[in-house]
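K.L.:
Kindly generate the corresponding structure for this input.
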Amino acid sequence: MISSGIFIHPASWFILGAILLPLARRFNLHKVILVAIPVIAFIQIYALPETFGVVQYMGFELILGKVDRLTFVFLHVFTLMAIIGCIYGLHLEDVGEHAAAFLYVAGSLGVTLAGDYLTLFIFWELMAFASVFLIWYRRQRRSLDAGFRYLLVHVTGGLILFAGIFLRYQQLHDLHFTRILVENATFADYLIMAGFALNAAVPPLHAWLPDAYPEATVTGAVFMCAFTTKTAVYALARAFPGFEVLAVGGAIMTIYGVGFAAIENDARRILSYHIVSQVGYMVCAVGIGTAMAINGACAHAYAHIIYKALLFMGAGSVLQMTGRSKLSELGGLYRFMPMAMIFTVIGGISISGFPLTSGFVSKSMIVAAAGEEHRIIIMVALLAAAVGTFLSVGIKLPYFIWYGGKESAFEAKDPSWNMQLAMAIAAFFCFFIGIYPEYLYRMLPYPVAYHPYTAYHISETMQIFGFTGLGVYLMAKSLKPHATINLDLDWFYRRGAKVFMWSARHPVDAMNEFVSNLHKTVGLSATMAAARGLSRFDLHGIDWFIDGFARNVVGTGERVKMHITGKVQHYVGGALVLMFVIVGLVLIF
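P.N.:
Purely as a prediction, here's the structure:
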């Protein structure tokens with residue numbers, strides 16, 4: 001992982017690829033670039049030096065690359081996910097969407113490697129502006145609107161982050177991106193935390209996620225579910241471990257997300273709410289702040305990126321082949337899309353934490369960390385969220401897509417070979433990490449002294465699943481999806497918009513009309529009167545003085561001209577008279 005020599009920043013490969021894609025499309029080489037770039041970046045992260053790209057700029061020390069074990073585990077999964085996502089999108093011929101995805105990945109890698117806040121902010125904004133195009137490229141009115149809302153929220157979050165960075169530099173004159181101690185945290189530091197928390201979708205700063213992700217393109221949603229929130233988790237783990245507000249907020253996230261997922265009808269909205277819930281485990285672990293908890297946050301981020309991408313790929317395949325994503329409109333697809341069904345079920349059991357899957361060996365580490373610190377309430381919240389996860393994604397989602405007790409209304413088929421290959425790779429890692437957790441544990445920031453496959457843990461897990469299954473059986477009718485719209489905290493946005501529009505139409509418009517009339521009746525008359533007064537002053541004051549002065553100058557010149565005779569003796573005599581006058585004045589005074 002540590003070496004020296006000539007290198008290129010991993011993000012540069014993706015920026016270069018985004019530039020080359022339109023040209024490569026002309027020669028039908030764009031698919032080669034789509035696979036080659038992330039593979040090169042994945043290989044290169046093993047050869048990065050500890051620090052690189054140190055630049056002095058306008059008195060600031062910018063560090064483009066700073067690598068340690070925390071950095072490496074996120075670089076590893078981000079580049080691996082880039083490979084899977086690019087394979088999944090190989091069938092797309094629109095290089096613009098691929099370029100946006102490349103720039104999005106570049107932004108994420110840049111943030112992960114940044115050693116200072118200025119570099120971090122630049123790549124942070126690149127992520128926001130690149131990812132919005134993955135929503136807009138769906139080319140639907142809902143996607144256009146959702147993209148604008150997404151961009152508005154993230155620009156606002158970026159301004160909050162920048163304000164925190166600015167105030168922190170004003171206080172410390174230091175831009176290095178390092179850990180902030182709880183006892184030394186200032187208002188500026190909490191602003192930075194708020195900027196990171198918005199991208200992590202911490203309530204109440206989360207409504208952008210279930211609003212935007214379901215409206216993205218099929219491939220775009222796969223990328224988006226992997227990078228924005230997990231890059232924010234990395235930033236929080238780097239700067240804010242041990243902050244109690246994150247521990248409590250993360251625990252709330254886990255329950256909040258599964259609660260909304262359980263009542264949702266749209267498959268991709270269900271998965272979006274589960275991003276909120278699963279990222280809640282990571283944020284909570286960062287807030288606990290122990291070595292075990294930080295390891296759990298990193299391990300769960302790694303596992304979550306893979307199985308969540310698998311779930312979005314499965315739901316995206318259904319959307320692409322049927323044009324539908326609402327559970328109430330689907331069902332009976334197991335006969336037509338068997339491979340997509342298998343991969344989606346694997347993703348469902350992985351996120352639920354079944355033994356032999358990645359979720360089992362990562363999520364439980366966070367629960368164990370909470371137990372070690374005697375955080376009983378948080379521990380219970382995390383276990384309760386696991387019940388909701390299995391109910392909504394382990395049972396409800398696959399059942400109503402693939403079975404639903406009805407025949408399919410669509411004669412669909414499994415998606416293209418590249419989409420199936422990407423899902424197969426993700427499914428492989430779901431089982432590989434679950435069966436061989438040492439692969440993941442070796443990359444974690446701290447030495448691992450945790451063994452997931454204990455009799456107690458397996459027994460606890462199976463009891464949770466057993467009682468959840470019984471609950472589903474008893475509440476089967478209540479879980480049936482309905483074609484309804486569920487409003488989250490965007491209810492306040494909508495109400496706020498209505499209040500704003502009402503105020504714009506009534507009191508603000510009335511005030512504007514009053515000011516306009518006042519200007520016409522009073523202001524305009526006063527202005528015209530003042531203009532007339534100034535005109536008179538100009539005509540009878542300034543012009544009289546200047547014109548009179550000019551006339552006097554001309555008259556004096558005429559009188560002087562009368563005494564110019566052209567005779568030398570007259571001038572000599574005049575000079576002598578003037579001299580005598582001057583001498584006389586000197587003698588007198």
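K.L.:
mind listing what A449 touches?
P.N.:
Under the criterion of C-beta atoms under 8 Å, 6 or more residues apart in numbering, A449 has no neighbours. Any C-beta I mention is one placed from the backbone N, CA and C, and that applies to glycine too.
K.L.:
how far away is it from E372?
P.N.:
Distance of A449 to E372, given as C-beta to C-beta, to the nearest Å: 11 Å.
K.L.:
Check T186 too.
P.N.:
30 Å.
K.L.:
Beyond the host helix or strand of A221, next helix or strand please.
P.N.:
Here A221 is covered by helix 218-239, with elements defined by DSSP states H and E. As assigned by DSSP H and E, the chain's next helix or strand after helix 218-239 is helix 244-263.
K.L.:
Nearest spatial neighbour of L356, chain-adjacent residues omitted?
P.N.:
Ranked by C-beta to C-beta, 6 or more residues apart in numbering and with sequence neighbours excluded, the top spatial neighbour of L356 is G434, at 4.6 Å.
K.L.:
Phi, psi for Y57 please.
P.N.:
phi -140, psi 110 (degrees, to the nearest 10).
K.L.:
show me the contacts for it.
P.N.:
If you count contacts by C-beta under 8 Å, 6+ apart, Y57 has none.
K.L.:
M365 now?
P.N.:
292, 295-296, 299-300, 450, 452.
K.L.:
Reformat those as a markdown table; add pLDDT.
P.N.:
Formatted as a markdown table, the contacts of M365 follow (pLDDT from 0 to 100):
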| residue | pLDDT |
| --- | --- |
| M292 | 96 |
| N295 | 97 |
| G296 | 96 |
| A299 | 97 |
| H300 | 97 |
| Y450 | 90 |
| P452 | 93 |
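K.L.:
and which of those is nearest K406?
P.N.:
Nearest to K406 out of the contacts of M365 is H300 (C-beta to C-beta; 35.9 Å).
K.L.:
how far out from the middle of the chain is the one helix or strand the closest one maps to?
P.N.:
Using DSSP H and E, H300 maps to helix 291-322. Distance of helix 291-322 from its chain centroid, counting by C-alpha atoms, centre = their mean, to the nearest Å, is 17 Å.
K.L.:
So which bits of that helix are buried?
P.N.:
The neighbour-count criterion (16 or more other C-beta atoms under 10 Å) identifies 292-322 as the buried residues of helix 291-322.
K.L.:
distance of E125 from L161?
P.N.:
Per C-beta to C-beta, E125 is found 9 Å from L161.
K.L.:
Could you do F14 as well?
P.N.:
22 Å.
K.L.:
number of nearby residues for R142?
P.N.:
Counted with other C-beta atoms under 10 Å, residues neighbouring R142 total 12.
K.L.:
Could you export the one helix or strand A368 maps to as CSV, CA atoms only?
P.N.:
Assigned by DSSP H and E, A368 falls within helix 358-372. The C-alpha trace of helix 358-372 is given here as CSV (Å, rounded to 0.1, in the frame of the first residue of the first chain):
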residue,chain,number,x,y,z
SER,A,358,-21.6,-9.9,4.3
GLY,A,359,-24.3,-8.1,6.4
PHE,A,360,-23.9,-10.8,9.2
VAL,A,361,-20.2,-10.1,9.7
SER,A,362,-20.3,-6.3,9.4
LYS,A,363,-23.6,-5.0,11.1
SER,A,364,-23.1,-7.2,14.1
MET,A,365,-19.7,-5.6,14.8
ILE,A,366,-21.5,-2.3,15.4
VAL,A,367,-24.1,-3.9,17.7
ALA,A,368,-21.2,-5.5,19.6
ALA,A,369,-19.4,-2.2,20.0
ALA,A,370,-22.6,-0.6,21.4
GLY,A,371,-22.8,-3.6,23.8
GLU,A,372,-19.2,-3.2,24.9
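K.L.:
Please state the offset of it from the chain centre?
P.N.:
For helix 358-372, the distance to the chain centre is 27 Å (C-alpha atoms, centre = their mean).
K.L.:
Helix or strand next in line after it, which one?
P.N.:
Next element after helix 358-372 (DSSP H and E): helix 376-389.
K.L.:
List the buried residues for that next one?
P.N.:
Buried, per 16+ other C-beta under 10 Å, within helix 376-389: 378-379, 381-382, 385-389.
K.L.:
Stretch 276-293 now?
P.N.:
276-290, 292-293.
K.L.:
before we move on, what about stretch 446-454?
P.N.:
In stretch 446-454, counting by 16+ other C-beta under 10 Å, buried: 448, 450, 452.
K.L.:
List the contacts of stretch 413-430.
P.N.:
With C-beta under 8 Å, 6+ apart, stretch 413-430 has contacts from 80, 83-85, 87-91, 303, 306-307, 309-310, 313-314, 317, 320-321, 336-340, 342-343, 346-347, 350, 357-359.
K.L.:
So E125 and L161 - more neighbours on which side?
P.N.:
Taking other C-beta under 10 Å, E125 and L161 do not tie; L161 has more neighbours (24 against 17).
K.L.:
isn't the more buried one right up against G195?
P.N.:
Yes: with contact defined as C-beta atoms under 8 Å, L161 reaches G195; the gap is 2.8 Å.
K.L.:
next one: stretch 367-375 to chain centre, how far?
P.N.:
30 Å.
K.L.:
What of stretch 368-377?
P.N.:
Taking C-alpha atoms, centre = their mean, the mean C-alpha location of stretch 368-377 is offset from the chain mean by 31 Å.
K.L.:
next one: stretch 509-521
P.N.:
So, by C-alpha atoms, centre = their mean, the centroid of stretch 509-521 is 43 Å from its chain's centroid.
K.L.:
Just the buried residues of that stretch, please?
P.N.:
Result for stretch 509-521 [16+ other C-beta under 10 Å]: no buried residues.
K.L.:
How about stretch 66-83?
P.N.:
Residues 66-67, 70-83 are the ones in stretch 66-83 that count as buried (16+ other C-beta under 10 Å).
K.L.:
next one: stretch 51-60
P.N.:
Neighbour counts over stretch 51-60 (16+ other C-beta under 10 Å) mark 52-53 as buried.
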